[in-house]
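[1] what's the 3D shape of this:
(2 chains)
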There are 2 protein chains.
Amino acid sequence: MSLLVTGSIAIDTVKTPYGVSENCIGGSAVYFCMAASFFSPVRLVGAVGSDCPFDWAKVFVGRNIDLTGIEVRENSKTFRWVGSYSDNMDSRSTDYIELNVLAEEPPTVPAVFKDSKFVFLANTAPNLQLKLLNQIDRPIFVAADTMDFWIEGHPEDLKTLLKKINCLIVNEDEARLLAKEYNLIRAAKKILDIGTDVVIIKKGESGSLLCNADGDKFVLPAYPATEVKDPTGAGDSFAGGLMGYLAQNNKTDFASLKKAIAYGTVVASFTIADFSLDGLTCIDRADIDDRFETLRKLISF
Amino acid sequence: MSLLVTGSIAIDTVKTPYGVSENCIGGSAVYFCMAASFFSPVRLVGAVGSDCPFDWAKVFVGRNIDLTGIEVRENSKTFRWVGSYSDNMDSRSTDYIELNVLAEEPPTVPAVFKDSKFVFLANTAPNLQLKLLNQIDRPIFVAADTMDFWIEGHPEDLKTLLKKINCLIVNEDEARLLAKEYNLIRAAKKILDIGTDVVIIKKGESGSLLCNADGDKFVLPAYPATEVKDPTGAGDSFAGGLMGYLAQNNKTDFASLKKAIAYGTVVASFTIADFSLDGLTCIDRADIDDRFETLRKLISF
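    Numbers count the residues shown, from 1 in each chain, chains lettered A, B, ... in the order given. The predicted structure follows:
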């Protein structure tokens, strides 16, 4: 089933204890696409400036990623992010940021993408996420990400968005901030009360939590990785694997959501093993399926 | 199969956002006993002073806990701990401590306890843990806890202990400190290289990790509790449920260890729902088994 993602395309410079990756490919939509493409064709909607050095056809070669939705803006510049991670990679700081195209109007969803059934709205202003969503005719399952800046600065826009989407995917701090509740089960309940059907809370090294409006719950540990070189893109890879699996199977029932989260967890574990997209470009679907089964075995008792 | 615990018996005063529990029953051996008693008879070895206000026969009424090993020292005082938890209960501070009997010679293991087969050495000086262990004839499975104070201050004693025990149960910070390694999988491997057969790392809200010398691994999330009033005793209840299950079944294979960790997780989730022992005194084995199955369902995909 068709899967569309709207989000950032970035030129990243990332410093971790394992090294520095300068001017590498990044951005939420890019990580999402790469992760989702193991499962399903993906439609990418995003904007870059004329300075963007990447040849997307080459970046995504051999993958079923439709690039029709990439807008190259001649008089603009690509989003740039410079970040560094602490020694243990349990915290990161933004050292430099240039919003560039991200501060402009969002890209237009191409006419041929309007029939998309699965949609992921990566983090941006909630009113822009709504504008993007409104361009899709009749989606089946819409998931969105957000961040503290919008939760604190644009709570009403975010509430409007929550009523329009099926699933919110946020990290634990964002969930707590949005719900004004520390306990994550109760926080999820409060977010579900605002509007969406499903809340997925990412807890990094501690795994993830899924709650729906019917009161179903699912908890999953993170894959116990020994190789972590660059955590950038872990969350977007998680969302990509998750949405890719749902779109592949055209199902959104609770059992499918649980498997989707396990796939998201596995894909993210490959992402963080190397810089930029390198952790994903060197694997195939069989590697993901193997680790999926390993994860199942690791938690069975 | 016989299960013996050596550890502290305390008069606790605990402050959490839910209230204050003054001069209540606490201590590692007490939480351990109560938790383990749902599964197996337990033999308690610990010392108190003449000031100890608790009638242990009443505290443990209806439970198969052998109190022969409680020493009441006429000229001494009971261990006292006053602690308070942060608003979110994700950190705690010790506001006041009186070691009292804990600063004296450890209690003697009664002759009738020397044939104990499962042994838990709760946190104390590693050389005292060894002294206690040496009093047991031929144990089958010995687990021990430790803390930063001994890891930093008495590393050689701790290494000697690790070679003598089958299982170390520590929290994540302790594991990192002991292994000098942040990644927990690698930290567990380093600890196993020092000596013990099995390492269990408690990660609080993030669950737990089990690794053995054969390279087997198991990860389990914490039970997603909505009721947390007092986290005191969670770790000792976890160990109690875990060791109680192993002793009940007289098995220490990897499959049994995984189930034991799940039982420990479940028992700890009841402990933290109320102050002191109140979370455990109001439940029975059926409640534990119900939640054990709920936990299994919560993580299945």
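[2] so where do the helices sit in chain A?
    Assigned by DSSP state H, chain A shows helices spanning A:28-36, A:56-59, A:126-133, A:148-153, A:155-164, A:172-179, A:184-194, A:234-249, A:254-271, A:278-281, A:285-299.
[3] wait, which of those is closest to B:Leu132?
    Closest approach to B:Leu132 among the helices of chain A is made by helix A:285-299 (34.1 Å; Cβ to Cβ). C-betas here are computed from N, CA, C, even on glycine.
[4] leaving out chain neighbours, which residue sits closest to the residue in the stretch 151-300 of chain A that chain B sits nearest to?
    Proximity of the stretch 151-300 of chain A to chain B (Cβ to the nearest Cβ) peaks at A:Ser206, 3.5 Å away. Computed as Cβ to Cβ, 6 or more residues apart in numbering or on different chains, the closest residue to A:Ser206 that is not its neighbour in sequence is B:Ser206, at 3.5 Å.
[5] with A:Ala225 instead?
    A:Ser269 (5.1 Å).
[6] pretty sure A:Ser37 contacts A:Gly62?
    No. Counting by Cβ atoms under 8 Å, A:Gly62 is not a contact partner of A:Ser37; they are 9.2 Å apart.
[7] who's more crowded, the two?
    More crowded of A:Ser37 and A:Gly62, by other Cβ atoms under 10 Å in any protein chain shown: A:Ser37, with 21 against 7.
[8] so how far is A:Ala268 from that one?
    A:Ser37 sits 15 Å away from A:Ala268, going by Cβ to Cβ, to the nearest Å.
[9] got it, and A:Phe60?
    19 Å.
[10] repeat that for A:Ala239.
    Taken as Cβ to Cβ, the span from A:Ala239 to A:Ala268 is 9 Å.
[11] overlap in contacts of the two?
    Overlap between the contact sets of A:Ala239 and A:Ala268, as judged by Cβ atoms under 8 Å, 6 or more residues apart in numbering or on different chains, is given by A:Ala35.
[12] give the buried residues for stretch A:122-141.
    By neighbour count on 16 or more other Cβ atoms under 10 Å in any protein chain shown, the buried set for stretch A:122-141 is A:122-133, A:135-136, A:139-141.
[13] flag every residue of the stretch 151-300 of chain A that's near chain B.
    Residues of the stretch 151-300 of chain A lying near chain B by Cβ under 8 Å from any Cβ of the partner chain: A:182-186, A:203, A:205-207, A:209, A:217-222, A:224-226, A:228, A:255, A:258-259, A:261-262, A:296, A:298-300.
[14] out of the residues you listed, which are buried?
    By 16+ other Cβ under 10 Å, those give A:182-185, A:203, A:205-207, A:209, A:217-222, A:224-225, A:228, A:258-259, A:261-262, A:298-299 as buried.
[15] picking that back up, can you pull the pLDDT of the residue nearest to A:Ala225?
    The model reports A:Ser269 with a pLDDT of 97.
[16] that one: neighbouring residues, count only.
    24.
[17] my read: it touches A:Arg291, true?
    Yes. A:Ser269 lies in contact with A:Arg291 (Cβ under 8 Å); the separation is 6.7 Å.
[18] what do the two both touch?
    A:Tyr223.
[19] A:Ser269 and A:Trp150, how far apart?
    From A:Ser269 to A:Trp150 the distance is 28 Å (Cβ to Cβ).
[20] mind listing what the spatially closest residue to A:Cys24 that is not a sequence neighbour touches?
    Nearest non-adjacent residue to A:Cys24, counting by Cβ to Cβ, 6+ apart: A:Ser276, 3.9 Å away. Counting by Cβ under 8 Å, 6+ apart, A:Ser276 touches A:12, A:14, A:21, A:24-26, A:230, A:232-233.
[21] one more time with 7 Å, if that's ok
    Going by Cβ atoms under 7 Å, 6 or more residues apart in numbering or on different chains, A:Ser276 touches A:12, A:21, A:24-26.
[22] go on, A:Cys52?
    A:72, A:78.
[23] how close does it get to chain B?
    35 Å (Cβ to the nearest Cβ, to the nearest Å).
[24] what are the phi and psi values for that residue?
    phi -70, psi 120 (degrees, to the nearest 10).
[25] what does the one 3 residues further on give?
    Here the main-chain torsion angles of A:Asp55 (degrees, to the nearest 10) amount to phi -100, psi 100.
[26] what is the neighbour count of it?
    A:Asp55, neighbours per other Cβ under 10 Å, totals 9.
[27] A:Leu4 touches A:Arg43, doesn't it?
    Yes. Counting by Cβ atoms under 7 Å, A:Arg43 is a contact partner of A:Leu4 at 4.3 Å.
[28] and these two? Which one has more around it.
    Neighbours per residue (other Cβ under 10 Å) separate A:Leu4 from A:Arg43, with A:Leu4 holding more: 29 against 24.
[29] for that one, which non-adjacent residue is closest in space?
    A:Ser116 (3.7 Å).
[30] just the pLDDT at the one you found, thanks.
    98.
[31] what's it sitting at in phi/psi?
    Dihedral angles for A:Ser116 - degrees, to the nearest 10 - are phi -60, psi 140.
[32] what residues sit buried inside stretch A:160-178?
    Buried residues in stretch A:160-178 (16+ other Cβ under 10 Å): A:160-162, A:164-172, A:174-178.
[33] quick check: mean pLDDT of it?
    97.
[34] how far does it stretch from start to finish?
    13 Å (Cα to Cα, to the nearest Å).
[35] swap in stretch A:35-46?
    16 Å.
[36] and if you look at stretch A:145-163?
    Stretch A:145-163 has its terminal residues 14 Å apart, counting by Cα to Cα.
[37] what lies in contact with stretch A:230-240?
    Stretch A:230-240 is contacted from outside by A:12, A:14, A:16, A:21, A:26, A:28, A:31-36, A:85, A:89, A:120, A:122, A:143, A:145, A:169, A:171, A:202, A:264-265, A:267-268, A:271-272, A:274-275, using Cβ under 7 Å, 6+ apart.
[38] again, but for stretch A:97-107
    A:8, A:45-49, A:69, A:71, A:73, A:76-81, A:124, A:128, A:131-132.
[39] how about 8 Å then?
    Outside stretch A:97-107, the residues touching it (Cβ under 8 Å, 6+ apart) are A:6, A:8, A:45-49, A:69-71, A:73, A:76-82, A:124, A:128, A:131-132.
[40] thinking again about what came up before, contact partners for the residue of the stretch 151-300 of chain A closest to chain B?
    Counted by Cβ under 8 Å, 6+ apart, A:Ser206 has contacts A:172, A:221-222, B:203, B:205-207, B:221.
[41] OK, contacts around A:Gly7?
    A:27-30, A:32, A:45-46, A:120-124, A:236.
[42] ok, the residue nearest to it when sequence neighbours are not counted - contacts?
    Once flanking residues are discounted, A:Gly7 sits nearest to A:Ala122: 2.7 Å by Cβ to Cβ, 6+ apart. Counting by Cβ under 8 Å, 6+ apart, A:Ala122 makes contact with A:5-8, A:28-29, A:32, A:144-145, A:236, A:239.
[43] repeat that for A:Gly27.
    So A:Gly27 contacts A:7-10, A:12, A:46, A:79 (Cβ under 8 Å, 6+ apart).
[44] can you give me the pLDDT of it?
    On the pLDDT scale, A:Gly27 gets 96.
[45] what does A:Glu205 give?
    89.
[46] hmm, back to that, next, give phi and psi for the residue nearest to A:Gly7.
    Residue torsions, per degrees, to the nearest 10, at A:Ala122 are phi -70, psi 170.
[47] who touches both of A:Leu4 and A:Arg43?
    Joint contacts of A:Leu4 and A:Arg43 (Cβ under 8 Å, 6+ apart) are A:69, A:113, A:116.
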